[in-house]
Each structure stands twice: as C-alpha cells, then as structure tokens.
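> Got a predicted model here, sequence first, then my questions.
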Amino acid sequence: MSAPADRSTPWEEGRTSVRIRSSSSAPCGTAAERLTEDLIVEILSHVPAKSLYRFKCVSNHWLSLIHHPDHSKKLPQTLAGFFYTGTDVERLPKSALHFANVSGRSCPAIDTSFAFLLSHRQVDLLDCCGGLLLCRWHSVGGDECPYIVCNPAREEWVMLPEPSQAEARKVSIVRLGFDPAVSSHFYVFVLMDYVRRVSYTIAAVDVYSSETRRWVRKERGLNESIGHLGGQYQSTVFLKGCLHFIAYGSRPSPICVAAVDTEGKTSTTFCIPSYVPNGILQQSQGCLHYSSFQSEDGLVLRLVVNVVKDYETKDWMLKHTTKTKYLSGGIHFNGYRVIGVHPECDLIFFTAGRATEVMCYNMNSREVKVTSKLEDGGPPYLPYVPLYAELQSLLM
C-alpha cells in the first residue's frame, strides 16, 4: 500500500527540509513522488515563471518547496512590485525611494536606502530592467555623480565611466537595457537633445556596454529628425536588443514608437494606436503593450490595452477594453493612471483619484483588487523582478 501523500503546510521558518522519499525506499507511487526535493527544484528552475506559479497548485509540498527561501532564489522570479520616488520639502533629503509590494506575499526586504553602495549624499533611481537598477550616485563631499548599475537582491553594483561631454547637447533620457534570458550583459542608453532648441529632437545617443566597458556615440543628422515625449518620466521597453520609447516623427503618423539599438542607431519606427499622454509602453509575455485610460468630454470612460503580437509586422491589435465604472464599483474618480502590466500574465496595475493605492485588474476574470498602499510619491513607477543570478559585469 502506498504511503499517504504529504499534507504538510507550506514552509515556515525553522522547519527542517525533508526528502520526499529516500533512495532506499521501495519504489511506489508515481514517478514524480519518487523524485528528491533537489531534483524537483532543479527541474523547476528551468521552467518559465508563469508555469512555476501554476505548479504551486500541485500539492502543499510543492508549494512548500517553491516558497522555501533556500529554493526560491534558484527559481524563476516574477513581478515583486514597483519602485517609485516620493518628495517631501520638509525632509532631508527631499526625495525618498519607496517600494510597493504587489506580489501578494512577503518578498525579501528591499533596501531603498541603498546602504550597500558607497557612502553617498543622495541616490536617484533612473530606471529598472531585468532585476537591475540604474542610478545616479551623488558623493557626500563633492559634485561627483556618476551612473551606477546595481542588483539590490544581491547587493552588488558597478560604477560606470562618465560618457564624453558634447557641446550643444543636454542629457534628456537615461535608460537601462538588460534581458537576463538573452545575455548576462547590460546596456545604458543616454538620449541627448540640442541645447539651444525649444524641442525634444534627439541630437545624439550614447550607449554603454558592460561587455566592452565602453561608451559609443551615434550623432544624428537633421534628416533623421526624431523626438521623444515625456522626458525622464516616460516609459520605455528593452525588447529584442532595442530600447523602445514613444516618439514623434514625420507625418502621416507623427506619434510613433521608436527603437534604438545597442549601437545608438534607430532601427525602426512604427505607429501607435490612440496616443494618450498618460498611456504607458511596456512588455508582457514577450510582446509590446500600450495601455491607457481614454476620456471623452473630460470624463475618463474606459481602459484600453493594445498589443503587438507579431513584431515583424508591427501591427497593433486591441487586446482588452473595459469601462472604468466596472473598475471602481460605479464610483467616478479623476486621474486614472496605468502604472504597469504584469510581465507574465494578463494583469494591469493602476491608480485612481489621489493615488493612495495600487489596484490590480485581471483582464481574464475582470476582477479588481487592491494590492498595495502607496506612500507619498508619484510616477514613474518602475516594475521590479528580483534577480539572484551572479553577473560578472557587477563584480569589477
């Protein structure tokens, strides 16, 4: 007769890890029941994050394995929450970094003070991509403020060399590009404007590669007129080796998506559906998404989500739409804002009204729930997926 199934509760601190079955036991049950915990964890480490979270429903024992802190760092990670910056004029420093946990469970503590970095007067968070953060580090006793790329999950960091200065140029947008599923190397993109022009036309692009440890610059000619929208607050996506951002170009589609490759060249531009100033461009399930709340006569009426499923054709498709009254229980709010799309599933995160809470909308079940409280602060909200892998580029 087979042994009873393991009905133990999920892992709790102090509980000793137990094997499913020792090698000396008589073979019985299914093949999965005869696997050791180490082997199960090794198998689960190679599945996508979306599949991993489905496997938590197999049994209490598998749930225990996946949540055990000794195992979780080896397994694929999913969205933990959003970094955002708050400002208080009565506080020194005036700005402070916060983290909103939307995972529905406790996650490892996030050190928003960056105490693991060199002693500093202030750290400005510029971007977050693939589990790495791009920051501007301000020294305590001087004007030094280089770029730093760090991994808060492992408390590792590297200081980048300064890009060369360019006359008649000013830094407008600084972004990080990193995809751990493709490469262990990251890129930093610096988009520069013309100083003496009242426009956001991109004059040059600097790109830093952690592989070469050098900056390269691509100057743009007047016949390559492309501008950006939103400045440092606008959303960007690093996908297929390119940084994607909302831009303006030539007619008949002045508002478009521009993509800059790791050599600073504009590789493609394509139209965007129904541009809205508070809409965001993000990546989910390997596809570009553009999500926004749309208004009529000053009233926010609906949430609209578009997706590019075929990157070769660059065609946008309507993925989902719903009226805002279904998101707020019939109560009207001013100031709806999409803050993120879940990278692994069909979840939209948004704020409404005074933006004191992060709300989550499931596009499949059409259910809405509050996932996190917000402290003082505002956009941009930067999605964070922990990264526990060691990167040689951060060990210099």
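Good, I have the coordinates. Residues are numbered from 1 along each chain as shown.

> show me the residues around residue 100 that make contact.
Counting by CB atoms under 8 Å, 6 or more residues apart in numbering, residue 100 touches 81, 82, 84, 358, 371, 372, 373, 374, 381. The way it works is simple: take the backbone N, C-alpha and C, and place the C-beta from them, glycine included.

> contacting residues around the residue lying closest to the first one once chain neighbours are set aside?
Read it as residue 81. Distance criterion CB to CB, 6 or more residues apart in numbering; nearest residue to residue 81, sequence neighbours excluded, is residue 101 at 4.3 Å. Counting by CB under 8 Å, 6+ apart, residue 101 makes contact with 80, 81, 107, 371, 372.

> And the buried ones among the contacts of residue 100, selectable in ChimeraX?
Those of the contacts of residue 100 that count as buried under 16 or more other CB atoms under 10 Å are selected in ChimeraX with:
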select :81,82,84,358,371,372,374,381
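
> Closest one of the contacts of residue 100 to residue 244?
residue 381 (17.9 Å; CB to CB).

> hang on, the earlier thing: which members of the contacts of residue 100 are positioned in strands?
81, 82, 84, 358, 371, 372, 373, 381 (DSSP state E).

> Export the residues you listed as CSV, with columns for pLDDT and distance to residue 241.
Below are the ones in strands among the contacts of residue 100 laid out as CSV (pLDDT from 0 to 100; distance: CB to CB, whole Å):
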residue, pLDDT, distance to residue 241
81, 92, 27
82, 94, 25
84, 91, 28
358, 92, 31
371, 90, 32
372, 89, 32
373, 89, 37
381, 92, 25
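
> Can you tell me which of those lies closest to residue 276?
Nearest member of the ones in strands among the contacts of residue 100 to residue 276, counting by CB to CB, is residue 381, at 16.7 Å.

> and the gap between that closest one and residue 208?
25 Å (CB to CB, to the nearest Å).

> quick one on the thing from earlier: in CSV, list the contacts of residue 101 along with distance to residue 178.
Output for the contacts of residue 101, formatted as CSV (distance: CB to CB, whole Å):
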residue, distance to residue 178
80, 16
81, 18
107, 20
371, 25
372, 25
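
> Taking those together, which two end up most distant?
107 and 371 (12.4 Å).

> Residue 80: how many residues sit nearby?
21 (other CB atoms under 10 Å).

> so it touches residue 152, yeah?
No - counting by CB atoms under 8 Å, residue 80 stays clear of residue 152, with 10.4 Å between them.

> residues of the helix or strand where residue 96 lies that come out buried?
Using DSSP states H and E, residue 96 maps to strand 95-101. Under the neighbour-count criterion of 16+ other CB under 10 Å, strand 95-101 has 96, 97, 98, 99, 100, 101 buried.

> measure the closest residue to residue 314 other than its chain neighbours to residue 283 for me?
Among residues not flanking residue 314 along the chain, residue 270 sits closest, at 4.0 Å (CB to CB, 6+ apart). Applying CB to CB, the value for residue 270 to residue 283 is 16 Å.

> One more: residue 300?
25 Å.

> do residue 181 as well
12 Å.

> With neighbour numbers in mind, choose between the two.
With neighbours defined as other CB under 10 Å, residue 181 and residue 283 compare such that residue 283 has more, 19 against 8.

> residues in contact with the more buried one?
237, 238, 239, 289, 341, 343.

> Just put these in CSV and tack on pLDDT and secondary structure.
As requested, those are exported to CSV (pLDDT from 0 to 100; DSSP: H, G, I helix; E, B strand; the rest coil):
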residue, pLDDT, secondary structure
237, 95, strand
238, 97, strand
239, 95, strand
289, 96, strand
341, 95, strand
343, 93, coil
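
> out of these, who's nearest residue 354?
Among these, residue 341 lies closest to residue 354 (CB to CB), at 22.6 Å.

> What's the local residue count around the closest one?
For residue 341, using other CB under 10 Å, the count is 27.

> Doesn't residue 64 lie inside a helix?
Yes - according to DSSP: H, G, I helix; E, B strand; the rest coil, residue 64 belongs to a helix.

> Not counting residues beside it along the chain, what's closest to residue 382?
residue 128 (3.9 Å).

> thinking the one you found is in contact with residue 175, fair?
No - with contact defined as CB under 8 Å, residue 128 does not reach residue 175; the gap is 10.0 Å.

> Show me whatever sits in contact with both of these two.
residue 134.

> Could you tell me which residues within stretch 347-361 count as buried?
347, 348, 349, 350, 351, 352, 355, 358, 359, 360, 361.

> and the last one, what are its bridge partners?
Okay, so that is residue 361. residue 348, residue 368 (DSSP bridges).

> Quick one: residues contacting it.
303, 322, 327, 347, 348, 349, 350, 367, 368.

> just the fifth one next, same as before
Residues counted as contacts of residue 351 (CB under 8 Å, 6+ apart) are 335, 336, 337, 339, 357, 358, 359, 374.

> Which secondary structure state does residue 256 sit in?
strand.

> Identify the bridge partners of the residue nearest to residue 382.
Under the criterion used (DSSP bridges), residue 128 bridges to residue 133.

> ok, it - how many residues close by?
22.

> Tell me the spacing between it and residue 81.
For residue 128, the distance to residue 81 - CB to CB - is 11 Å.

> Common neighbours of those two, please.
Common neighbours of residue 128 and residue 81 (CB under 8 Å, 6+ apart) are 383, 384.

> Now residue 293. Nearest residue, chain neighbours left out?
residue 336 (4.1 Å).

> show me what contacts the one you found?
278, 293, 300, 303, 324, 327, 350, 351, 352.

> can you map out the helices along the stretch 51-200 of the chain?
60-67, 69-72 (DSSP state H, counting those that start in this stretch).

> Worst mean pLDDT among those helices?
Lowest mean pLDDT of the helices of the stretch 51-200 of the chain: helix 69-72, a mean of 64.

> thinking again about what came up before, just the pLDDT at the residue nearest to residue 293, thanks.
Value listed for residue 336 in the pLDDT field: 87.

> From residue 236, how far off is it?
22 Å.
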